[in-house]
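Q: Okay, predicted coordinates and the sequence, questions at the end:
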Amino acid sequence: ERYLSEQTKGRKTLDEVLREYQKIKRQYQDKMDQYENLTSICKRLTELLENRINDWRTKRRQICRKTKHLFRMCLRRKGHHGSLEFDHKEGTLDITVQLAGRASENDSAEQTVHSLSGGERSFSTVSLLLALWDSMETPFVAMDEFDVFMDQVMRQKSTEMLMEAAEVYKDRQFIFITPQSLDAIEEVPDEIKIIKM
């Protein structure tokens, strides 16, 4: 008996071992349940993120398509043609413009904005901004010397286009600053205030 007690001294009984085993098994199962829950949450979050990225790409394509269309429409007001090429991988925008009356049979006469004259570049910039504003939701829009280098005809057409935009987007405040005379503008809507200094 003394020998047995010395041999079992400090050792756990079978009941104690079973209880400890059951306790560790429950802890293990709790951790596995937590792991499975977290795995399920991560999988769901990944799916949601992929859906958001796909929705964002779809929205980006729609905005690009609409911006291209509106840019062409603005240029047509002056008889020009043009295109926008968005390269999302490179993060670039290529703008080409074909001026009215400059195309020949052998030459498309498309030019990048860098090769346009100052007034043509200013008009193209106003057209691009008008196209972009449709997709932007800013409370304020300000432009300084938007008509720089423009001749009188281009200046009048640009100013009319900007005033039309101000009428369409009544929930925004527009501020256009120009050192040029606006006397050629015939009709000014009541909502638009021209301040001369």
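A: In hand now; what should we look at?
Q: Now do the contacts for the residue nearest the centre of the chain.
A: Centroid-nearest residue in the chain, with CA atoms, centre = their mean: residue 60, separated by 6.5 Å. Listed by CB atoms under 8 Å, 6 or more residues apart in numbering, the contact set of residue 60 reads residue 88. C-beta: built from backbone N, CA, C; applies to glycine.
Q: Also residue 194?
A: 182, 185, 188.
Q: For the second one, which non-adjacent residue is spatially closest?
A: Spatially, and ignoring its direct neighbours in sequence, residue 185 is nearest to residue 159 (5.8 Å; CB to CB, 6 or more residues apart in numbering).
Q: can I assume the one you found is in contact with residue 182?
A: Yes - counting by CB atoms under 8 Å, residue 159 touches residue 182, with 6.7 Å between them.
Q: Which one of the two is surrounded by more residues?
A: A direct count of neighbours by other CB atoms under 10 Å for residue 159 and residue 182 places residue 159 higher, at 22 against 15.
Q: From residue 65, how far off is that one?
A: If you measure residue 159 against residue 65 using CB to CB, to the nearest Å, the figure is 28 Å.
Q: and if you look at residue 126?
A: Noted for residue 126: a distance of 21 Å to residue 65, by CB to CB.
Q: Likewise for residue 177?
A: 32 Å.
Q: and after the longest helix seen in the chain, which helix or strand comes next?
A: Taking DSSP state H as the assignment, the helix of the chain that covers the most residues is helix 14-76. Elements were assigned by DSSP states H and E; along the chain past helix 14-76, the next helix or strand is strand 81-87.
Q: Sheet-wise, list the partners of that following strand with their directions.
A: Strands adjacent to strand 81-87 in the sheet, as given by DSSP bridges, are strand 92-98 (antiparallel).
Q: avg pLDDT for the partner strand?
A: For strand 92-98, the per-residue pLDDT values average out at 92.
Q: Please point out which parts of that strand sit buried.
A: 95-98 (16 or more other CB atoms under 10 Å).
Q: what's the answer for stretch 131-150, then?
A: Judged by neighbour count (16+ other CB under 10 Å), stretch 131-150 contains these buried residues: 131, 133, 141, 143, 146-147, 150.
Q: And those, which is closest to residue 118?
A: For the buried residues of stretch 131-150, the minimum distance to residue 118 (CB to CB) is 8.0 Å, reached by residue 150.
Q: what helix or strand is the closest one on?
A: Counting by DSSP H and E, there is no helix or strand that carries residue 150.
Q: who's in contact with it?
A: 118-119, 122-123, 158.
Q: Kindly list the main-chain dihedrals of it?
A: phi -80, psi 150 (degrees, to the nearest 10).
Q: any idea how far residue 188 is from it?
A: To residue 188, residue 150 is 19 Å away according to CB to CB.
Q: And for residue 113?
A: Shown here: residue 113 relative to residue 188, a distance of 30 Å by CB to CB.
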